[in-house]
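>>> What would the 3D arrangement of this be:
(chains A and B)
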Protein chains: 2
Amino acid sequence: MRILLIGAAGTLGTAVHKTLTARGHEIVTVGRHSGDLRHDIEDPEQITRMYRAAEGAGAAGRLDAVASAAGDVPYKPVLEMTPEDHTAAFRGKVLSQLEVVRQGVSRIAERGSFTLISGVLGREPIPTGSAAAMTNGAVEAFVRAAAIEIAPQRVNAVSPTLFTECVPQYGEFFPGMPPVDVDTVAQAYVRSIEGAQTGQVYELS
Amino acid sequence: MRILLIGAAGTLGTAVHKTLTARGHEIVTVGRHSGDLRHDIEDPEQITRMYRAAEGAGAAGRLDAVASAAGDVPYKPVLEMTPEDHTAAFRGKVLSQLEVVRQGVSRIAERGSFTLISGVLGREPIPTGSAAAMTNGAVEAFVRAAAIEIAPQRVNAVSPTLFTECVPQYGEFFPGMPPVDVDTVAQAYVRSIEGAQTGQVYELS
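Here you go, the predicted model:
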């Protein structure tokens, strides 16, 4: 398949890239500062330009799938989380990914798929994680709702806990919560892209 | 208890008002165009003024609980849901209620509670309901996350399906989904306000 991978340079994106490439897929990578295409999906106009560019990039042609591993949210105590912080979280992880789906429907294959990123904090909260929780809940509910409207195209979310690779940096914030290897998370992208399910949230925690 | 009720003039707000009054509580009602206080909680500055005014309204004094029955979101096919629509939904049902909690923590009783409104569409989607789903998922995940940070204050969400009273107007959009009487939904507010639970989503569907 020809797959657009957004957030390809991050810890997760790198693993997804490696896993999908090893399975024989052609990957068009997108990042803000690196990748085949350089776009910031927080800006809807850049999403339009991203899709136009993707149709001409690499072995040009139609995309079979879009996978997102991109989402920025602020972490701070809930009482310090200003309206601007919540709005930044919404724009950085929710609106960006929703708009990738909306604009992508007319541009990807008839039975193509979208795979979005959410995360564990919507169901297993930690202090300072209220904005992350809010965005994850939003993305997961959107996936269930959009799935019934865009069929036969598909949309799923991957919802991982802390990556094993990030335990040295963030492990103290996830006491007693088993981490997951980023390669295992990448398999959920395979499941979403190569499988036939839609409206699913693949929980890895 | 002395309870601030936001969105008191709506179908749900009216029922919650009646139920809480019958149980002996003092209610300070808030609405955009009616009520003891007139404020639009989409504007964070009006939330500040609302809390200041509530401290002087009626039998003036500290609030024991805040209950929200207010949230506006657009309904349209997912492919017509623009970034402006999603942002309006976020501001109208998510950011507004999150800010009511954040600003309220320093203003309500030490063991006071917040009760927010979400809805069935985050778990049982219908066509044209993707923005509603997104907001409901966001509110419910926020409630779980905020609860662990604001204790011993509490925060819960009430998540009802279509009200029986609204079946004539909207029933066709909820085929085979049993409606719930608005008085039953009002009992979930009682459960949240008078009970001791926190971080809960009371599903009525």
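>>> Show me which parts of the longest helix seen in chain A are buried, residue by residue.
Longest helix in chain A by number of residues (criterion: DSSP state H): helix A:130-150. By neighbour count on 16 or more other Cβ atoms under 10 Å in any protein chain shown, the buried set for helix A:130-150 is A:130-150. C-beta here means a position set from N, CA and C on the backbone, and glycine is covered the same way.
>>> Likewise for stretch A:97-108?
Buried-residue list, stretch A:97-108, by 16+ other Cβ under 10 Å: A:97-105, A:107-108.
>>> hmm, back to that, can you work out which other helices and strands pack against the longest helix of chain A?
Contacts defined by 3 or more Cβ pairs under 8 Å, 6 or more residues apart in numbering or on different chains; DSSP states H and E place helix A:130-150 against helix A:83-89, helix A:96-104, strand A:108-117, strand A:154-160, strand A:201-204, helix B:130-150.
>>> Show the average pLDDT along it.
The average pLDDT within helix A:130-150 is 98.
>>> Tabulate the CA atom coordinates of that helix in PDB.
The C-alpha trace of helix A:130-150 is given here as PDB (Å, rounded to 0.1, in the frame of the first residue of the first chain):
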ATOM      1  CA  SER A 130      -6.100  16.500  32.100                       C
ATOM      2  CA  ALA A 131      -5.500  18.100  28.700                       C
ATOM      3  CA  ALA A 132      -4.100  14.900  27.300                       C
ATOM      4  CA  ALA A 133      -7.000  13.000  28.700                       C
ATOM      5  CA  MET A 134      -9.500  15.400  27.200                       C
ATOM      6  CA  THR A 135      -7.900  15.100  23.800                       C
ATOM      7  CA  ASN A 136      -7.700  11.300  23.900                       C
ATOM      8  CA  GLY A 137     -11.400  11.000  24.800                       C
ATOM      9  CA  ALA A 138     -12.300  13.400  22.000                       C
ATOM     10  CA  VAL A 139     -10.300  11.500  19.400                       C
ATOM     11  CA  GLU A 140     -11.600   8.100  20.400                       C
ATOM     12  CA  ALA A 141     -15.200   9.200  20.400                       C
ATOM     13  CA  PHE A 142     -14.700  10.900  17.000                       C
ATOM     14  CA  VAL A 143     -13.300   7.700  15.600                       C
ATOM     15  CA  ARG A 144     -16.500   5.800  16.600                       C
ATOM     16  CA  ALA A 145     -18.700   8.500  15.100                       C
ATOM     17  CA  ALA A 146     -16.800   9.200  11.900                       C
ATOM     18  CA  ALA A 147     -16.500   5.400  11.100                       C
ATOM     19  CA  ILE A 148     -20.300   5.100  10.500                       C
ATOM     20  CA  GLU A 149     -20.300   8.000   8.100                       C
ATOM     21  CA  ILE A 150     -17.200   7.400   5.900                       C
END
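>>> ok, the residue lying farthest from the centre of chain A to residue B:147 distance?
Most distant from the centre of chain A: residue A:79, at 27.4 Å, with distances by Cα atoms, centre = their mean. Using Cβ to Cβ, to the nearest Å, residue A:79 is found at 13 Å from residue B:147.
>>> just residue A:112 next, same as before
Taking Cβ to Cβ as the measure, residue A:112 falls 39 Å from residue B:147.
>>> Also residue A:28?
42 Å.
>>> Residue A:175 now?
For residue A:175, the distance to residue B:147 - Cβ to Cβ - is 18 Å.
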